[in-house]
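> need a 3D model of the following:
(one chain, ligands or ions: 1)
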Amino acid sequence: MLTARGLRHAYDTRTVLDGIDLALAPGEVLGLGGPSGSGKSTLGQLLAGRMTPQAGRVRLDGAALPAPAPGRPAPVQYAPQTAELAVDPRWSVARILSNGGPPDGAALSALGIQPGWHDRRPSELSGGELARVSLARLIHPGLRALICDEITAQLDALEQAALLDRLTGLARRRGIGLLLISHSAGLRARYCTRSLTLVARGG
Ligand SMILES: Nc1ncnc2c1ncn2[C@@H]1O[C@H](COP(=O)(O)OP(=O)(O)OP(=O)(O)O)[C@@H](O)[C@H]1O
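Residues are numbered from 1 along each chain as shown. Take a look at the predicted model:
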């Protein structure tokens, strides 16, 4: 179980999040909405340990998130909106997929990663294919929670459904908690068992 208690975060003097509590159970698909600038990406990065909250704490099964180490991928991963910016454009798909350790074969097959893509560069994939590769590189046997930050915002409806059907199925089978950050209430209603909404803070 990934939990957050009393999270607070400010950029300079501007408080973006304050008093945020959240729990993400294994295999749960939880939605996170809220207006632009309300702090969804900030919260996602705090939950994945990419930033440290100025107050409050994030815990995985009651313990602090482990520090990243070579050969030990983080149990909570953050998938950003723009897959192109998350991968090295000079690398082959095979290299991208094996960068954090041996590729997780079952995850590759669940996400529909084709062997024929392995020798290609990111620019030689469609947006939907690259989004799948970008997600697959984050999935490993020890993954407990995946924070998905508007990962389908740049995809058409068919690609969006193909990716989210595959990803939510995999997460439920493996007991991976998914946080789906999305502006789309329809998407959250379709894929999430429940949804939280951040409100914009003044000033
Ligand atoms: N590194 C930063 N330095 C200063 N301010 C930042 C930084 N990152 C985000 N902010 C500000 O914090 C607020 C929350 O940003 P955040 O990206 O978390 O919101 P969001 O809800 O994800 O927005 P969107 O839906 O548009 O992606 C915004 O006003 C943003 O300008």
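> going forward, measure contacts and count neighbours with C-alpha atoms only.
Noted.
> out of the helices and strands in this protein, which is least certain?
helix 83-86 (a mean of 81; mean pLDDT, DSSP states H and E).
> name the residues that touch that one?
Pro80, Pro122, Leu130, Ala131, Ser134, Ile151 (Cα atoms under 8 Å, 6 or more residues apart in numbering).
> apply 7 Å and report the result again.
Leu130, Ala131, Ser134 (Cα atoms under 7 Å, 6 or more residues apart in numbering).
> buried stuff in the longest helix along the chain?
The residue-count maximum for a helix in the chain (DSSP state H) belongs to helix 157-174. Residues of helix 157-174 classed as buried by neighbour count (16 or more other Cα atoms under 10 Å): Glu159, Gln160, Ala161, Leu163, Leu164, Arg166, Leu167, Thr168, Gly169, Leu170, Ala171, Arg174.
> contact partners for the fourth one?
Residues in contact with Leu163 (Cα under 7 Å, 6+ apart) are Arg132.
> 6 Å instead, please
By Cα atoms under 6 Å, 6 or more residues apart in numbering, the contact set of Leu163 is empty.
> pLDDT score for it?
Note for Leu163: predicted pLDDT of 93.
> measure it to the ligand for me?
Remark: distance between Leu163 and the ligand (Cα to the nearest ligand atom, to the nearest Å) = 20 Å.
> kindly report the same for the fifth one.
When Cα to the nearest ligand atom is the yardstick, Leu164 and the ligand sit 19 Å from each other.
> and the least confident of the buried residues of helix 157-174?
Ranking the buried residues of helix 157-174 by pLDDT, Glu159 lands last with 90.
> where does the residue nearest to that one when sequence neighbours are not counted sit, in terms of helix or strand?
Leaving aside its sequence neighbours, Glu159 sits nearest to Gly128 (Cα to Cα, 6 or more residues apart in numbering; 5.7 Å). Taking DSSP states H and E as the criterion, Gly128 maps to helix 127-136.
> no more questions from me, cheers.
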